[in-house]
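Asks: After the sequence you'll find the predicted model.
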Amino acid sequence: MSDYQREVEELERESTTAARLFDVRRIIGGLFVVYGVIVTIAGITASDADIKKAQDININLWTGLGMLVLGLLFLIWLKLRPTVPPAPDEPADDQG
């Protein structure tokens, strides 16, 4: 195997790894899970005065739980349907 072919294969592996790492579903899902945990904790520790302001609805708790569910759905979607790397183009044979 020539150095060129090895270099191309290495670049393809790096490209595939970068595509999986920076998949939008991973970023969005992770952010929603993190913010969902924070808002859920704020909802659990809400005072009676805070709940009274929101017409007796613990809006932080419900919003946090909704964010957690949405974030987990994105991460489950990522696991069930992973990013498929594009098929590499066949290099032209250099005979000459």
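Replies: Nice, thanks for sending it over.
Asks: all helices for this protein, in order.
Replies: For the chain, the helices defined by DSSP state H occupy 3-21, 24-44, 48-53, 59-80.
Asks: Could you check how many residues crowd around residue 64?
Replies: The criterion is other C-beta atoms under 10 Å. On that basis, residue 64 has 21 neighbouring residues. C-beta here means a position set from N, CA and C on the backbone, and glycine is covered the same way.
Asks: mind starting the numbering at 29 from now?
Replies: Understood, numbering begins at 29; the last thing we discussed is residue 92.
Asks: what's it in contact with, if anything?
Replies: With contacts defined as C-beta atoms under 8 Å, 6 or more residues apart in numbering, the neighbours of residue 92 are 63-71.
Asks: go again using 6 Å as the cut-off
Replies: For residue 92, the contact set (C-beta atoms under 6 Å, 6 or more residues apart in numbering) comprises 64, 67-68, 71.
Asks: repeat for residue 106
Replies: When the contact criterion is C-beta under 6 Å, 6+ apart, the partners of residue 106 are 53-54.
Asks: Considering only helices and strands, which part of the chain has the lowest mean pLDDT?
Replies: helix 31-49 (a mean of 69; mean pLDDT, DSSP states H and E).
Asks: ok, back up a step: hey, least reliable of the helices of the chain by pLDDT?
Replies: Confidence, taken as mean pLDDT, is least for helix 31-49 of those (a mean of 69).
Asks: hmm, back to that, among the contacts of residue 92, which one sits closest to residue 101?
Replies: Proximity of those to residue 101 was ranked by C-beta to C-beta; the top entry is residue 64 with 11.3 Å.
Asks: What separation do you get for the closest one and residue 84?
Replies: 22 Å (C-beta to C-beta, to the nearest Å).
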